[in-house]
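> this is a predicted model, with the sequence first.
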Amino acid sequence: MPQMAPLWWEILFLMFLITFLAINILIYFINNKNINMNVNKNIKMNQFNWTW
């Protein structure tokens, strides 16, 4: 079985790493926007006067 050169392993690793990070960043920002929109609509602000 032929072996890959070390440089090709590094390029393959970097390709997977960049793809993984890009997908995670996209998922984070997509979910972050959806959560903020839903939270802002559902939260009712209650004013409390706390006295100690």
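Perfect, thanks for sending it. Numbers count the residues shown, from 1 in each chain.
> which element is F13 on?
For F13, the host element (DSSP states H and E) is helix 6-42.
> state the mean pLDDT of that helix.
In this model, helix 6-42 has an average pLDDT of 82.
> so what does it touch, helix or strand wise?
For helix 6-42, there is no helix or strand it packs on, judged by 3 or more CB pairs under 8 Å, 6 or more residues apart in numbering; DSSP states H and E. Quick note: C-beta positions are derived from backbone N, CA and C, even for glycine.
> gap between W8 and I30?
Remark: distance between W8 and I30 (CB to CB, to the nearest Å) = 33 Å.
> do Q3 as well
Counting by CB to CB - Q3 and I30 are separated by 40 Å.
> got it, and W9?
32 Å.
> what's the answer for N49, then?
39 Å.
> Q3 and I30: which has the busier surroundings?
Between Q3 and I30, I30 has the larger neighbour count (other CB atoms under 10 Å), namely 10 against 7.
> quick one: contacts for that one?
I30 makes contact with no residue, according to CB atoms under 8 Å, 6 or more residues apart in numbering.
> please renumber so the chain begins at 26
Done: numbering now begins at 26, and the last item shifts to I55.
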